[in-house]
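Enquirer: heads up, no residue letters with this:
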Ligand SMILES: C=C(O[C@H]1C=CC=C(C(=O)O)[C@@H]1O)C(=O)O
């Protein structure tokens, strides 16, 4: 196995002990001082230190504290993380009275993109088992407590306290990251030339923007904004990487696997009639349909070996988000090897899809390392969670940023094909910065 540095933290040599109990949603909301236990309500339980979140349409998981963690890097990062999780779950003592995906022992995770040039630095990919998880799915709400060192767990709602509300970021200013707009457009033009020359068919090129605040940014502020403004996206935070992604790399729920593939974008104007006309333009755009087709094909081909049957719709639908619209395809399949293939293994097989890498994958990731002039870190890598049964959800870390004290580094990328226009791609990247950019503002 080729890997970089790996480190593991588990306070004692003993197994983890996890207890999941169902709790009354109204009683927990009252304890937290919120009206309802929706995504914002769940966030109100999350302390400033080490929050972990995965929230979508009013439900999901939040966690905090570290019962165990693994840090890994390099090309073997997924294999290593999956093997660690198998060991941890095999040894753990779990009592789970809820039995839903996400209840029982859970790890949140975030993995480096890993292009062909930038090594994904020691310890950059991470799996964290929180000490406390609060989950909601439909009307069912639960609390999981995981202890280390043989301590008796505090059960249910007693483990949850209201957390002080996060302060708004102060004095935020934005500056170019690795490349300014002009230089990034020349990189895009270079990629278009290489595509025309037959080196490859598609490559996704990204850029960054650096926000600096007067004081350390409490990530729970932008998380609250993202949850409010982008409820149909998955709002995540794992160790400083946060965002609201519209793209689900893979969800495995028992024997069913689903993936939401996005590629092909048009900016919204904010006027409903014009946006509807633009949606129709997007659905007919041969440049966007081509870009989308590569992404769908890469996902379908990676899932196929694991599925006994698959549904890949022939044409995409248009996904409307507040800032942009995307061509979208929901791929679904029945996994024939669900007993042996975890959601993380499926994510590893799918990453990088052509929504964030390109076609052919190896040529595109090599080109990204060569010309992008930026280290993606965990941007565009899988982010999500997994439970002890191997079920889980792994989104692609898009519309995302990394917070480090007062600094926040935002990322956005665009699929480049033969017909791409550098100025249009620059405008598209600016529209993709909007969710995090706005989330750093006051309300
Ligand atoms: C790479 C990003 O978006 C991908 C997902 C949807 C649409 C995309 C596009 O149209 O270029 C990208 O493939 C990003 O948001 O940073």
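Expert: Ah, there it is. Just so we're clear, the structure is a prediction, and the values are computed from it rather than from any experiment.
Enquirer: Tell me the secondary structure of the nearest residue to residue 397 once chain neighbours are set aside, please.
Expert: Counting by C-beta to C-beta, 6 or more residues apart in numbering, the nearest residue to residue 397 once its immediate chain neighbours are dropped is residue 383, at 4.3 Å. Bear in mind the C-beta positions are built from the backbone N, C-alpha and C, glycine included. Following DSSP: H, G, I helix; E, B strand; the rest coil, the label given to residue 383 is strand.
Enquirer: Residue 383: what's it in contact with?
Expert: Counting by C-beta atoms under 8 Å, 6 or more residues apart in numbering, residue 383 makes contact with 109-111, 236, 238, 241, 245, 394-397, 400.
Enquirer: Get me the contact residues on the chain for the ligand.
Expert: 204, 206, 247, 262-265, 326, 355-356, 398-399, 412-415, 432 (C-beta under 6 Å from any ligand atom).
Enquirer: hmm, 8 Å instead?
Expert: 204, 206, 246-247, 262-265, 288, 291-292, 295, 324, 326-327, 354-356, 379-380, 396, 398-400, 411-415, 425, 428-429, 432 (C-beta under 8 Å from any ligand atom).
Enquirer: Report the next helix or strand after the helix or strand of the chain with the lowest mean pLDDT in sequence order.
Expert: Counting by mean pLDDT, DSSP states H and E, the chain has its least confident helix or strand at strand 7-10, which shows a mean of 65. Sequence order places strand 17-23 as the next helix or strand after strand 7-10, per DSSP states H and E.
Enquirer: That next one: partners in the sheet, and parallel or antiparallel?
Expert: Strand pairing for strand 17-23, using DSSP bridges, gives strand 93-96 (parallel), strand 140-147 (antiparallel).
Enquirer: That one: which residues count as buried?
Expert: Within strand 17-23, the residues scored as buried using 16 or more other C-beta atoms under 10 Å are 17-21, 23.
Enquirer: Any chance of the residues you listed in TSV with pLDDT as columns?
Expert: Below are the buried residues of strand 17-23 laid out as TSV (pLDDT from 0 to 100):
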residue	pLDDT
17	93
18	94
19	94
20	96
21	95
23	97
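Enquirer: Can you pick out the most distant pair from these?
Expert: For those, with distances taken as C-beta to C-beta, the pair at the greatest spread is 17 and 23 (18.8 Å).
Enquirer: give me the residue from the stretch 51-200 of the chain nearest the ligand.
Expert: Using C-beta to the nearest ligand atom, the closest approach of the stretch 51-200 of the chain to the ligand is made by residue 113 at 10.4 Å.
Enquirer: could you measure the closest residue to that residue other than its chain neighbours against residue 204, distance?
Expert: By the measure of C-beta to C-beta, 6+ apart, the closest residue to residue 113 outside its immediate chain neighbours is residue 376, 4.1 Å from it. Residue 376 sits 10 Å away from residue 204, taking C-beta to C-beta, to the nearest Å as the criterion.
Enquirer: the more surrounded of these two?
Expert: When residue 376 is set against residue 204 and neighbours are counted by other C-beta atoms under 10 Å, the residue ahead is residue 204, at 27 against 23.
Enquirer: After the helix or strand harbouring that one, which helix or strand is next?
Expert: Secondary structure assignment for residue 204, by DSSP H and E: strand 202-212. Using DSSP H and E, the helix or strand that directly follows strand 202-212 along the chain is helix 220-229.
Enquirer: What residues sit buried inside that next one?
Expert: The neighbour-count check on helix 220-229 (16+ other C-beta under 10 Å) flags 220-227, 229 as buried.
Enquirer: Then stretch 349-361?
Expert: Neighbour-count burial for stretch 349-361 [16+ other C-beta under 10 Å]: 349-361.
Enquirer: Show residues contacting that stretch.
Expert: Defining contact as C-beta under 8 Å, 6+ apart, one finds that stretch 349-361 is touched by 78, 111, 113-114, 200-204, 247, 249-250, 259, 261-263, 294-295, 297-299, 302-303, 305-306, 364-365, 367-368, 380-382, 396, 398, 413, 415-416.
Enquirer: can you give me the helices in the stretch 201-350 of the chain?
Expert: 220-229, 272-284, 286-303, 343-350 (DSSP state H, counting those that start in this stretch).
Enquirer: For the third one, name the packing helices and strands.
Expert: The reference is to helix 286-303. Helix 286-303 is packed against strand 202-212, strand 256-267, strand 324-335, helix 343-350, strand 358-359, strand 407-416, with contacts defined by 3 or more C-beta pairs under 8 Å, 6 or more residues apart in numbering; DSSP states H and E.
Enquirer: pLDDT below threshold where in this protein?
Expert: Counting by pLDDT under 70, the chain contains low-confidence residues at 1-6, 8-13, 119-123, 149-152, 442-443.
Enquirer: 80 instead?
Expert: Within the chain, the set of residues satisfying pLDDT under 80 comprises 1-14, 115-123, 149-154, 338-339, 442-443.
Enquirer: can you count the residues close to residue 171?
Expert: One way to gauge burial is a neighbour count; for residue 171, by other C-beta under 10 Å, it gives 9.
Enquirer: try residue 300
Expert: One way to gauge burial is a neighbour count; for residue 300, by other C-beta under 10 Å, it gives 19.
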